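1. what's the 3D shape of this:
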Amino acid sequence: MQTSGFELLLPDGVLDYFEITQVDQKEKEISIVLEERNIIPEEYQGRKLESKGFYEDSKVQDFPLRGKAVFLIVRRRRWIDKETGDIVFRHWELVAKGTRMTQEFATFLKGLSRY
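-> Predicted structure coming up:
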C-alpha cells in the first residue's frame, strides 16, 4: 500500500512487523487494517515454517482523530512447522524486549493471544 499518512498514527516499531493493508474512512470512523508481515519469528529461525494464514481479526478502538472513532483491525499471522505439524506464532513479550516497539503496543498484541 502506498504511504497514506496513517502510518504516522501508529506506535514506533509497529510497521517492522505489520503493514497497513487497508484504510476505510467513513463519516464517523476510520478503520486501519494491520496485517502481520510474513517474517519468521526469531525464536523459530532454522525451522521449516510455512505461513498458514491468520487468526481471527481483532478490532481495537484507538484514540479518536478529528472527531472520528479510530479502529485498528489486527490480523496476526500463524505458521505451521512442516516437520512437527505444530502451529506457531510470534510471542510479543519477546519482541518488546528486543525492538523499538512500544511496550504498550506489545502488551496489547500479547493480550490478543488470549483470543
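
2. On the three-state scheme, the residue lying closest to residue 49 once chain neighbours are set aside is what?
-> Distances taken as CB to CB, 6 or more residues apart in numbering put residue 79 closest to residue 49, at 4.1 Å, once the chain neighbours are dropped. Heads up, the C-betas are built off the backbone N, CA and C, glycines and all. Of the three states, residue 79 takes strand according to DSSP: H, G, I helix; E, B strand; the rest coil.

3. can I assume residue 79 is in contact with residue 40?
-> Yes. Residue 79 is in contact with residue 40 according to CB atoms under 8 Å; the separation is 6.9 Å.

4. list residues touching both of these two?
-> Counting by CB atoms under 8 Å, 6 or more residues apart in numbering, the common neighbours of residue 79 and residue 40 are residue 49.

5. ok, the two, which is more surrounded?
-> residue 79 (21 against 17; other CB atoms under 10 Å).

6. where's the more buried one relative to residue 71, distance?
-> 26 Å (CB to CB, to the nearest Å).

7. likewise residue 28?
-> 11 Å.

8. More neighbours: which of those two?
-> More crowded of residue 28 and residue 71, by other CB under 10 Å: residue 71, with 16 against 8.

9. Would you enumerate the residues in contact with that one?
-> So residue 71 contacts 29, 30, 31, 32, 59, 60, 61, 62 (CB under 8 Å, 6+ apart).

10. Enumerate every residue touching residue 18.
-> Under the criterion of CB under 8 Å, 6+ apart, the neighbours of residue 18 are 34, 35, 36, 37, 74.
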